[in-house]
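Peer 1: Structural data only, the sequence is not supplied:
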């Protein structure tokens, strides 16, 4: 896991503040109750300067997550898009990872969030390949987690909330301690949902299947992008249910996410999977160019920070 590298500024409630002064009180509400929402975004180096990949779509999802939690963000989508650009520019980096977070601030305690203030922060830092530099070429080892993916009537998996990621963290650490790279979570019906921070794609019998929102998967921005790339290549992509045994006999499996980008999977529960497969490699190649503004038909996905 990459070490966090400080950058000059963090945007907090409308102001760029020094990295080491971007602090909250120990009694900040979200710190105790997990009632916050966030995004993971990447800016990439392009010939015209840093460009944020699908920035507006990420901020729109942030607002949807907040709506599901009943949080009123005190800014517009465009204001946070502009704030993100400003923060990226302040780093001086050609590319970076971006973390907007919306949280209930200091001043109230207890489970009632209605009187709480809503604060917003945006931080950026350099971050390499989340699942390792060889995640595409050699693939990652997956384990089916003993932890189940959150049910829709427990905590909303359709929202990217702080609390939900306790579920992901438990599964991730369990997998690492067992000697694997990443975990796959099943839902309460035993169907495949997603990885701890990535969406799955499974190739079987000429079709490419990705679990739907109803299975507990978060609708991913990278997932949408990869579906578009696959369809443009002529592949049939289906949002459908998958059992764990479907993973064991897959022709290819890859996972996608903002942090992980496109990563191949070489095994699930020690059952080997052909890796890296031809579809995985092709998608990764096109995606890698698209996020850097090198493919005209996908250039609108890249929003310049300048």
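Peer 2: Yep, that arrived. None of these values were measured; they are calculated from a predicted model.
Peer 1: next one: phi and psi at residue 303?
Peer 2: When read as degrees, to the nearest 10, the backbone of residue 303 gives phi -110, psi 110.
Peer 1: gap between it and residue 43?
Peer 2: Counting by C-beta to C-beta, to the nearest Å, the separation of residue 303 from residue 43 is 9 Å. From N, CA and C alone the C-beta is placed, and that goes for glycine too.
Peer 1: intersection of neighbour lists for the two?
Peer 2: 51, 52, 53 (C-beta atoms under 8 Å, 6 or more residues apart in numbering).
Peer 1: Which of those fall in helices?
Peer 2: The members of the shared contacts of residue 303 and residue 43 all map outside helices under DSSP state H.
Peer 1: Between residue 303 and residue 43, which has more neighbouring residues?
Peer 2: residue 43 (29 against 20; other C-beta atoms under 10 Å).
Peer 1: Is it correct that the more buried one is in contact with residue 89?
Peer 2: No - judged on C-beta atoms under 8 Å, residue 43 makes no contact with residue 89 at a distance of 9.8 Å.
Peer 1: Could you export the shared contacts of residue 303 and residue 43 as TSV, including distance to residue 252 and pLDDT?
Peer 2: As requested, the shared contacts of residue 303 and residue 43 are arranged in TSV below (distance: C-beta to C-beta, whole Å; pLDDT from 0 to 100):
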residue	distance to residue 252	pLDDT
51	29	98
52	30	98
53	24	98
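Peer 1: Go through the residues you listed and name the one nearest residue 13.
Peer 2: Of all the shared contacts of residue 303 and residue 43, the one with the least separation from residue 13 (C-beta to C-beta) is residue 52, at 20.6 Å.
Peer 1: So the closest one is in contact with residue 293, correct?
Peer 2: No - taking contacts as C-beta under 8 Å, residue 52 lies outside contact range of residue 293: 10.9 Å.
Peer 1: Of these two, which one has the most company?
Peer 2: When residue 52 and residue 293 are compared for neighbours, residue 52 comes out ahead with 26 against 22, by other C-beta under 10 Å.
Peer 1: Who is the more buried one paired with across the strands?
Peer 2: With DSSP bridges as the criterion, residue 52 is bridged to residue 43, residue 303.
Peer 1: any idea which helix or strand carries residue 166?
Peer 2: Assigned by DSSP states H and E, residue 166 belongs to helix 164-177.
Peer 1: next one: residue 237
Peer 2: Assigned by DSSP H and E, residue 237 belongs to strand 236-239.
Peer 1: any residues touching that strand, and which ones?
Peer 2: So strand 236-239 is in contact with 201, 206, 207, 208, 209, 210, 211, 212, 227, 230, 231, going by C-beta under 8 Å, 6+ apart.
Peer 1: Just the closest of the shared contacts of residue 303 and residue 43 to residue 274, please.
Peer 2: Nearest to residue 274 among the shared contacts of residue 303 and residue 43: residue 53, at 28.6 Å, using C-beta to C-beta.
Peer 1: Tell me where the model's unsure across the stretch 201-306 of the chain.
Peer 2: For the stretch 201-306 of the chain, no stretch is flagged by pLDDT under 70.
Peer 1: Okay, strands next: where are they in it?
Peer 2: Applying DSSP state E, counting those that start in this stretch to the stretch 201-306 of the chain gives strands spanning 207-210, 236-239, 252-257, 261-268, 271-272, 302-304.
Peer 1: How about the stretch 1-150 of the chain?
Peer 2: For the stretch 1-150 of the chain, the strands defined by DSSP E, counting those that start in this stretch cover 9-12, 15-18, 36-38, 41-44, 51-53, 96-104, 118-125, 140-144.
Peer 1: Can I get those strands in JSON lines including distance to residue 111?
Peer 2: Formatted as JSON lines, these follow (distance: least, C-beta to C-beta, whole Å):
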{"stretch": "strand 9-12", "distance to residue 111": "25"}
{"stretch": "strand 15-18", "distance to residue 111": "30"}
{"stretch": "strand 36-38", "distance to residue 111": "14"}
{"stretch": "strand 41-44", "distance to residue 111": "30"}
{"stretch": "strand 51-53", "distance to residue 111": "35"}
{"stretch": "strand 96-104", "distance to residue 111": "11"}
{"stretch": "strand 118-125", "distance to residue 111": "16"}
{"stretch": "strand 140-144", "distance to residue 111": "34"}
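Peer 1: what's the closest of the ones you listed to residue 253?
Peer 2: Relative to residue 253, the nearest member of the strands of the stretch 1-150 of the chain by C-beta to C-beta is strand 140-144, separated by 7.8 Å.
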